[in-house]
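Engineer: everything below, folded, please.
(one chain, ligands or ions: 2)
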Amino acid sequence: MTSLRRIPRAEHHVSRSMISSGTLKTLYTLKDAGYEAYMVGGGVRDLLAGLEPKDFDVATNAHPEQVKPLFRSCRLVGRRFVICHVRFGDEIVETTTFRGAITDLHKRDETGRILSDNVYGTLEEDAIRRDFTVNALYYDIRDYSIVDFTTGIEDMKSGVIRLIGDPELRYREDPVRMLRAIRIANKLHFRIDEATAAPIARLAPLLREIPAARLFDEVLKLLLSKEAEDNLYGMRVYGLFRQLFPVLDPHLARPENLAFVNAALRSTAQRMQSGLPVSPAFLYASLLWPAVEARAAQLRVEQGCEPLPAMQQAGEEVIARTIACVAIPKRFSLPMRDIWDLQPRFEQTAATRARRLMTHPKFRAAYDFLLVRGESSGNPALAELAAWWTEAQKGGDLPEPPDLSPDDLLVEAGTSEAAPPRKRRRRRGGRNRRGPDAAGDSEADGPETATDPS
Ligand code: ATP
Ligand code: MG
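Structural biologist: Ligands and ions are numbered 1, 2, ... in the order given. Next up is the predicted model:
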């Protein structure tokens with residue numbers, strides 16, 4: 001059951017100055033043509049929460065063919081449910097006709113997922129089709145009031161993410177809502193309501209039904225974000241990550257691997273906050289690295305592969321297994337593989353090779369990657385190698401090569417504490433890289449890695 005509540009302009013702080021000019025033009029144009037028009041979704045939610053919205057969405061009772069002639073640039077997109085993309089310069093305002101209530105007319109698959117979605121409806125029907133109560137608030141351009149059919153305003157105030165309707169049914173209709181719950185809760189620093197959270201762990205396997213390309217987009221939204229670390233944590237706690245990245249998940253049981261991935265997510269988030277460009281390739285290269293690194297080590301140790309072919313084969317295998325669940329477009333997987341393949345080449349510090357490596361088009365990204373590895377791995381040999389490359393780029397003579405053996409940089413091939421301990425290798429003579437506090441036996445400190453210089 002829904003009941004309409006209208007919050008007048010005087011009782012909320014969403015003002016037109018906070019709304020993009022394209023959104024306002026779209027709303028007024030629709031209104032002036034005699035249609036209902038509302039700003040809805042993340043735009044209203046984020047403004048109420050004092051955040052800057054990523055984008056604004058408009059909902060209207062005008063059908064797409066009625067919307068199109070009102071605007072100079074309007075493209076109809078989508079096959080199942082047509083959406084209007086109204087363009088003003090660089091800004092695109094997604095304008096959607098009210099969706100109708102779910103009925104037997106909607107085709108579902110055997111798990112309950114909605115497959116057809118092409119029925120128009122009323123404002124109220126549109127509201128209860130939305131996912132969370134805080135996403136179903138409508139800013140009315142006629143009087144600047146906010147319309148709430150669920151408990152959206154209340155949940156905004158108490159900081160709760162709550163699915164509209166029966167949670168299990170709503171997750172079955174669209175399992176991506178499980179990922180959205182985590183992302184939006186972390187973005188707003190809200191908690192997920194108990195009934196909304198309860199079915200997630202059990203229903204997590206439904207993510208396997210979702211097209212890999214859609215999951216790629218959703219994962220990027222989760223991990224190319226200020227809250228990326230929290231989102232990774234949330235996905236793991238609720239058992240969603242395991243469904244998305246079965247190849248990677250067991251590797252994150254090792255603290256050093258989790259530390260590396262988190263460091264990469266943090267570094268990406270910091271770049272975003274400083275307005276620097278971020279690349280999905282770097283992000284995905286980091287995310288999958290623990291699996292690639294372990295597999296490459298295994299190929300080196302067990303099959304005697306040379307470092308570069310081992311890395312190439314490991315990269316190929318891990319990508320092939322990942323894209324069975326989450327797509328990675330070629331334009332990202334190719335630079336990812338460059339970043340990985342360059343990692344063993346950093347071990348070669350002889351002058352000619354080092355200088356040649358610095359001219360490689362992907363050197364910068366690969367070096368940034370090495371820095372994150374050096375900072376987060378807890379392996380002093382790796383930190384030393386990264387520091388050498390930092391020095392080496394300063395021009396003039398190359399610094400003296402670090403005294404490392406290839407095994408100093410090789411990780412344990414296994415995935416978690418279950419990995420069998422490897423025989424320790426005696427280092428070549430030279431400096432003792434362990435600090436005074438590392439005098440104890442490291443085997444007692446957690447899973448042993450071959451990177452542990454002893
Ligand atoms: P953000 O833009 O910050 O990622 P958002 O909530 O605006 O968050 P969008 O993907 O832009 O996300 O969707 C806009 C609105 O469309 C949502 O607020 C919600 O009302 C509705 N919506 C989006 N995805 C779903 C879904 N899977 N099920 C039901 N409603 C959805
Ligand atoms: Mg949005």
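Engineer: pick out the residue of this protein closest to ligand 2.
Structural biologist: Residue of the chain nearest ligand 2, by C-beta to the ion: Gly42 (3.3 Å). C-beta: built from backbone N, CA, C; applies to glycine.
Engineer: burial measure for that residue, as a count.
Structural biologist: Gly42: 18 surrounding residues under other C-beta atoms under 10 Å.
Engineer: and the pLDDT for it?
Structural biologist: The confidence metric pLDDT takes the value 97 at Gly42.
Engineer: right, and it touches Asp55 too?
Structural biologist: Yes. Contact criterion C-beta atoms under 8 Å: Gly42 and Asp55 qualify, at 6.9 Å.
Engineer: need the contact list for the residue nearest to the residue of the chain closest to ligand 2 when sequence neighbours are not counted.
Structural biologist: Of all residues not flanking Gly42 in the chain, Pro53 sits nearest, at 5.6 Å (C-beta to C-beta, 6 or more residues apart in numbering). Contacts for Pro53 (C-beta atoms under 8 Å, 6 or more residues apart in numbering) come out as 42-43, 45-47.
Engineer: so where do the strands sit in the stretch 51-200 of the chain?
Structural biologist: Assigned by DSSP state E, counting those that start in this stretch, the strands in the stretch 51-200 of the chain fall at 57-60, 74-77, 83-88, 91-97, 137-140, 146-148, 160-161, 191-192.
Engineer: in the stretch 301-450 of the chain, which residue sits nearest ligand 1?
Structural biologist: Closest residue of the stretch 301-450 of the chain to ligand 1, C-beta to the nearest ligand atom: Val326 (17.1 Å).
Engineer: apologies, that question was intended for the stretch 151-300 of the chain.
Structural biologist: Of all residues in the stretch 151-300 of the chain, the one sitting closest to ligand 1 is Asp174 (4.5 Å; C-beta to the nearest ligand atom).
Engineer: which sections of the protein are below the confidence cut-off?
Structural biologist: Judged by pLDDT under 70, the chain has its weakly predicted residues at 1, 104-107, 115-118, 406, 412-454.
Engineer: try it again with 90
Structural biologist: Residues of the chain meeting the criterion pLDDT under 90: 1-3, 78-81, 101-119, 277, 348-352, 376-381, 395-454.
Engineer: what residues are up against the residue in it that ligand 1 sits nearest to?
Structural biologist: At 2.2 Å from ligand 1, Gly42 is the closest residue in the chain, using C-beta to the nearest ligand atom. For Gly42, the contact set (C-beta under 8 Å, 6+ apart) comprises 53-57, 135, 184.
Engineer: which of those residues fall within helices?
Structural biologist: Cross-referencing these against helices under DSSP state H gives Ile184.
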